[in-house]
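Chemist: here are the coordinates; sequence isn't available:
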Ligand code: GTR
């Protein structure tokens with residue numbers, strides 16, 4: 001599914017080399033000790049629930065191994081954009097990274113599934129499905145790409161925010177330039193609504209909104225607040241079109257060097273950080289919403305969600321192609337129908 005067939009990252013070797021060099025410089029000195037901590041990156045700041053969750057995982061590792069295993073976290077995007085840290089993790093230049101599933105969409109078709117528009121009926125449905133075999137299968141699908149999927153973290157419900165006017169119907173989207181993560185699926189979703197999709201990294205969105213390069217974007221309440229996107233884009237329209245999770249991955253290079261026993265300890269600590277993260281996530285979402293409304297954000301419920309879903313659902317056909325994808329999608333839908 002890659003743009004350039006052989007190279008799923010579709011990058012020239014010089015760019016890759018530059019990235020690896022930049023990260024090696026940033027991590028200078030971390031690499032010396034034989035039993036150095038795992039080095040982990042996150043685009044979000046120190047106090048964000050995903051970062052706090054990896055900190056909790058580190059605490060569990062220390063506690064369970066008398067300090068032998070630990071994680072050193074580089075938050076705030078200091079090691080680069082998500083695509084960069086993912087690629088570096090693939091090559092073993094970084095041990096762990098916490099990213100959205102979107103930059104993995106072109107690499108592994110199963111990662112597309114949780115981002116299908118209107119697949120999950122609720123956060124509860126998403127959590128149930130990803131805690132069960134659909135989630136396990138999607139995590140396992142990363143191994144052939146030199147990444148070990150450790151766990152999923154919540155990333156909330158994504159809705160649109162815009163600079164000029166609220167969105168009430170798909171017609172309101174017509175002609176708007178909407179930023180999306182680097183994923184063909186997201187591009188297709190926006191096109192299906194009659195808007196123009198502009199893929200870019202999260203770190204560039206604020207400037208692009210301020211400069212009018214884009215008219216809006218879409219994300220959850222916490223990211224909308226953390227990136228200060230609400231300042232240039234105060235209309236937040238609750239379409240809740242995607243409830244895809246974030247994922248914590250480990251470099252297969254580092255994983256392969258771990259003993260069987262340590263692999264279990266690492267995997268278990270990651271899983272155990274998930275309920276902790278969910279409590280933080282729910283609180284952060286509620287707090288962000290309250291703070292943003294107080295700060296003047298104009299939020300609107302979208303009456304006719306079906307109009308959005310009718311337009312966006314056809315993208316499923318383009319992206320759900322393999323038998324394995326189809327089976328997993330059916331399993332997830334069945335869990336939703338059973339009230340999960
Ligand atoms: C956030 C997610 C980030 C990033 C971002 C985006 O919700 O936590 O990892 O992927 O979305 O839109 O780029």
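Modeler: All right, it came through fine. Only a predicted model underlies this, so the values are computations on that prediction, with no experimental measurement involved.
Chemist: pLDDT below threshold where in the stretch 101-250 of the chain?
Modeler: Nowhere does the stretch 101-250 of the chain drop to pLDDT under 70.
Chemist: in it, which residue sits nearest the ligand?
Modeler: residue 202 (3.6 Å; CB to the nearest ligand atom). Just so you know, the C-beta spots here come from the backbone N, C-alpha and C atoms, and that holds for glycine as well.
Chemist: give me the phi and psi angles of that residue.
Modeler: Backbone torsions of residue 202, given as degrees, to the nearest 10, read phi -50, psi -40.
Chemist: now it: closest residue in space, sequence neighbours ignored.
Modeler: Once flanking residues are discounted, residue 202 sits nearest to residue 43: 6.0 Å by CB to CB, 6 or more residues apart in numbering.
Chemist: ok, that neighbour - contacts?
Modeler: 76, 77, 81, 82, 85, 98, 99, 202, 203 (CB atoms under 8 Å, 6 or more residues apart in numbering).
Chemist: can you pull up the most central residue in the protein?
Modeler: residue 100 (1.3 Å; CA atoms, centre = their mean).
Chemist: and that residue, what are its bridge partners?
Modeler: residue 246 (DSSP bridges).
Chemist: of all of the protein, which residue lies closest to the ligand?
Modeler: Residue of the chain nearest the ligand, by CB to the nearest ligand atom: residue 100 (2.9 Å).
Chemist: who are the contact partners of that residue?
Modeler: By CB under 8 Å, 6+ apart, the neighbours of residue 100 are 82, 155, 181, 244, 246, 247.
Chemist: equivalent analysis for residue 187, please.
Modeler: Contacts of residue 187 by CB under 8 Å, 6+ apart are 180, 197, 199.
Chemist: most neighbours, which of these?
Modeler: Greatest neighbour count in those, by other CB atoms under 10 Å, goes to residue 180: 24 neighbours.
Chemist: and that one, what is it in contact with?
Modeler: 102, 186, 187, 189, 190, 197, 198, 199, 217, 218.
Chemist: the last one touches residue 178, doesn't it?
Modeler: If I follow you right, that is residue 218. Yes. Contact criterion CB atoms under 8 Å: residue 218 and residue 178 qualify, at 6.7 Å.
Chemist: what sits in contact with each of those two?
Modeler: Counting by CB under 8 Å, 6+ apart, the shared contacts of residue 218 and residue 178 are residue 160.
Chemist: circling back: among the contacts of residue 180, which are in helices?
Modeler: 186, 187, 189, 190 (DSSP state H).
Chemist: residue contacts, the last one?
Modeler: In other words, residue 190. Taking CB under 8 Å, 6+ apart as the definition, contacts of residue 190 comprise 173, 178, 180, 196, 197.
Chemist: spatially nearest residue to it, not counting backbone neighbours?
Modeler: Closest to residue 190 by CB to CB, 6+ apart is residue 197, at 3.7 Å.
Chemist: now residue 82
Modeler: residue 99 (4.3 Å).
Chemist: burial of that neighbour, as a residue count?
Modeler: 23.
Chemist: hmm, it is touching residue 245, no?
Modeler: No. Between residue 99 and residue 245 there is no contact under CB under 8 Å: 10.6 Å.
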